[in-house]
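A.B. asks: Predicted structure and sequence below. I'll ask about it afterward.
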Amino acid sequence: MILPILNHGARELGIELSDHQFDQFEKYYHLLFEWNKKFNLTAVTDYSEVQRVHFLDSLSLIRAGIVPDGLRIIDVGAGAGFPGLPLKIAFPQLKLTLLEATGKKAVFLSETVAALDLDGVTVLNARAEDAARQPEHREQYELVVSRAVASLDTLGELCLSFCRVGGTFIAYKKGDIGNEVDGALKAIETLGGRLRFIQDIALTDLPDSRKLVVIDKIRHTSPEYPRRSGLPAKKPIS
Ligand SMILES: C[S@@+](CC[C@H](N)C(=O)[O-])C[C@H]1O[C@@H](n2cnc3c(N)ncnc32)[C@H](O)[C@@H]1O
């Protein structure tokens, strides 16, 4: 089964998917659709739209010049699995942690990982503020990704302490983010990061000004961060 929009967009990104990988995406779509009847996992359930705004958008990461295969990666606030799970399907060698605070979403993620027979995936039902203090997660990841979780200043605090020095944090964003990025520079610097660049996605099937904010981790994050649960969103570092 070939998902036509995903197929077209993946090729535009230079990603060649096998029949098995298309089958996994197809199964993922059906699980999302079925679970969404009982729990609100996503507002987007149309077959074409899921391929565009969930699957393809997730894979657009490689426009940042990073091929994630083999990397240790964490998706902070994974929700129904975006962008982490499409990346894992497309790049099976990566070692993925899906971090999600809401219990029922974490159950969906665990069941989907099992149904798709994916190995090397850990589902962590926790808040970022707590998980980032655990030694097995703190500064352990070469790549940290997050989409639609918080504004960049808050997100920096939730994400940068997972990233090892020399690693990369990539935030998926959309629209005019100039002010948001300017307002987050102090927080990023305080947390040991440095903005490298902002990459426009500009795919034929994703024309709505999506962007990747690419941040290098250049110094250790001070142990005082992240602050206790809720504070990064309530009082972003400024
Ligand atoms: C709008 S959803 C986006 C989900 C997914 N990343 C996507 O793009 O479809 C935000 C998710 O982040 C989770 N979240 C928010 N704050 C979090 C935190 N501090 N730690 C862990 N998860 C968090 C929420 O439970 C929710 O599932």
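C.D. replies: That came through fine. This structure is a prediction, so every number in the text was calculated from the model and none was measured.
A.B. asks: rest of the way, CA atoms for contacts and neighbours
C.D. replies: Noted.
A.B. asks: mind listing the strands for this protein?
C.D. replies: Applying DSSP state E to the chain gives strands spanning 72-76, 95-100, 121-125, 141-147, 163-174, 193-200, 210-217.
A.B. asks: what's the spacing between the lengthiest helix in the chain and its chain's center?
C.D. replies: Ordering each helix of the chain by length in residues (DSSP state H) puts helix 19-38 first. In this view, helix 19-38 has its centroid 18 Å away from the chain centroid, taken as Cα atoms, centre = their mean, to the nearest Å.
A.B. asks: which other helices and strands contact it?
C.D. replies: Judged by 3 or more Cα pairs under 8 Å, 6 or more residues apart in numbering; DSSP states H and E, the packing partners of helix 19-38 are helix 84-90, helix 103-115.
A.B. asks: Alpha carbons of the shortest one, as PDB, please.
C.D. replies: What follows is helix 84-90, C-alpha atoms only, in PDB (Å, rounded to 0.1, in the frame of the first residue of the first chain):
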ATOM      1  CA  GLY A  84       9.300  10.800  16.800                       C
ATOM      2  CA  LEU A  85       7.400   7.800  15.400                       C
ATOM      3  CA  PRO A  86       7.500   8.700  11.700                       C
ATOM      4  CA  LEU A  87      11.200   9.400  12.100                       C
ATOM      5  CA  LYS A  88      11.600   5.900  13.600                       C
ATOM      6  CA  ILE A  89       9.700   4.200  10.800                       C
ATOM      7  CA  ALA A  90      11.700   6.000   8.200                       C
END
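A.B. asks: Now render the helices and strands packed on helix 19-38 as CSV, adding mean neighbour count, distance to residue 186 and mean pLDDT.
C.D. replies: Output for the helices and strands packed on helix 19-38, formatted as CSV (neighbours: other Cα atoms under 10 Å; distance: least, Cα to Cα, whole Å; pLDDT from 0 to 100):
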stretch, mean neighbour count, distance to residue 186, mean pLDDT
helix 84-90, 24, 27, 98
helix 103-115, 18, 32, 98
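A.B. asks: So which of those is nearest residue 179?
C.D. replies: Of all these, helix 84-90 sits nearest to residue 179, with 26.9 Å by Cα to Cα.
A.B. asks: what about the closest one, near the ligand?
C.D. replies: No: Helix 84-90 stays clear of the ligand (Cα under 6 Å from any ligand atom), getting no nearer than 8.2 Å.
A.B. asks: Please apply the same query to stretch 10-28.
C.D. replies: No: judged by Cα under 6 Å from any ligand atom, stretch 10-28 makes no contact with the ligand; its nearest approach is 13.6 Å.
A.B. asks: Right, I'll call it a day here.
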